[in-house]
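Asks: starting from these lines, generate the structure:
(chains A and B)
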Amino acid sequence: MNEMNEQSGSIVIGSDVSIKGVLNVPNRAIVNGTIEGELTAKELIVGQTGRILGNAKSERADIHGEVHQTLVVSQSLTLRSTGKVLGVVHYAELEIEKGGLVEGKMTQQSTSTPKPHPPVEPVRDYPAVEVKTDGEGEDK
Amino acid sequence: MFNKSNNNQENPKGAPAQPTFVPEENVSSSPGGGFRPSLEITSSKPSIISEEVELTGNIKTPGALHIEGTVKGNLEVASLTIGPTGVFEGNVNCKTLNVRGKFTGTSDCMELMVASSAQIEAKITYRELTLQRGAILKGELHVAGN
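Replies: Here you go, the predicted model:
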């Protein structure tokens, strides 16, 4: 990936920085400070000192810090050993390292990983019956 | 292990098939491998509800219980392991809860370990939690002491 591409549409909130409001991040959000409000990002990384108070929404999330209230992750959520989520969590795929804490409601929807189709019934290859038997044609 | 004989009676064919079941044997074959067995609580062997055994009732043991079959009821055990084929429905109080199969109900435990093959729909109070990628956990989680 191009480094410029990685950086465009991204935000880094340093530690001791606090922000209130609504953030729409098309790419990656790295939060080491505190956000109060709403955050939508493609990829969310909350550092050890990072805190989100409010609603966070992302495709992928890597949580080393704290998220309070609501966390919606449409794909993969990783909660690290120092991570803490208090509130409602929606996820598709989840991993929690030892030490990570979740307090609240968990819901799961496997939208991003569609389940494999049920096995298709094998087409039975009956031999074409054309010849009509004479008298003894009754099947058992 | 006073419960042990009871469980084995429930389990006519399991005993010869798995005479001394050690959880590690399962690790390589199950997708939830990689978990260390949680048997440090007692040195004794776990009571085992084998595959295809269905049990409805309450079990209380100071030792470990391993479920590969289907169990409905209330459990009070030191350590509960729900194996990849295991299904448990009910309430369990334990120190260590290790889930690789299906669990529905409520639990109060110290250490919760969820393998990738696990499917949980439960209200769980815990102190420490590990969850492998791929596991499905729905319900409510509470941290003890909070």
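Asks: the strands in the chain, which residues?
Replies: Using chain A. Assigned by DSSP state E, chain A shows strands spanning A:11-13, A:18-31, A:34-46, A:51-63, A:66-79, A:84-91, A:93-96, A:101-108.
Asks: looking at chain B here, not the other one
Replies: Going by DSSP E, chain B shows strands at B:47-49, B:54-56, B:59-67, B:70-82, B:87-99, B:102-114, B:119-126, B:128-131, B:136-143.
Asks: is it true that A:G104 touches B:V143?
Replies: No - using CB atoms under 8 Å as the test, A:G104 is too far from B:V143 to be in contact (9.8 Å). In short, each C-beta sits where N, CA and C put it, glycine included.
Asks: give me the neighbour count for B:K72.
Replies: 15 (other CB atoms under 10 Å in any protein chain shown).
Asks: ok so, going back, so which of the strands of chain A comes closest to B:G63?
Replies: strand A:93-96 (27.3 Å; CB to CB).
Asks: spell out which parts of chain B neighbour chain A.
Replies: B:114, B:128-143, B:146 (CB under 8 Å from any CB of the partner chain).
Asks: and with 10 Å instead?
Replies: B:111-114, B:116, B:119-143, B:146 (CB under 10 Å from any CB of the partner chain).
Asks: can you give me the neighbour number for B:A144?
Replies: 12.
Asks: oops, could you answer that again for A:S110 instead?
Replies: When neighbours are defined as other CB under 10 Å, A:S110 has 11 of them.
Asks: wait, it touches B:Q119, no?
Replies: No - at 11.5 Å, A:S110 and B:Q119 do not qualify as touching, with contact defined as CB atoms under 10 Å.
Asks: which residues are in contact with both of the two?
Replies: Both A:S110 and B:Q119 are contacted by B:I136, under the criterion CB atoms under 10 Å, 6 or more residues apart in numbering or on different chains.
Asks: so, low pLDDT: which residues of chain A?
Replies: Scanning chain A for pLDDT under 70 picks out the ranges A:1-6, A:111-140.
Asks: at 50 instead, please
Replies: A:1, A:112-115, A:137-138, A:140 (pLDDT under 50).
Asks: the spatially most central residue of it and A:E66, how far apart?
Replies: Nearest to the mean C-alpha position of chain A, by CA atoms, centre = their mean, lies A:Q75 at 2.0 Å. As for A:Q75, its distance to A:E66 is 21 Å (criterion: CB to CB, to the nearest Å).
Asks: A:I35 too?
Replies: For A:I35 relative to A:E66 (CB to CB), the value is 11 Å.
Asks: what touches both of those two?
Replies: Common neighbours of A:I35 and A:E66 (CB under 10 Å, 6+ apart) are A:46, A:50-53.
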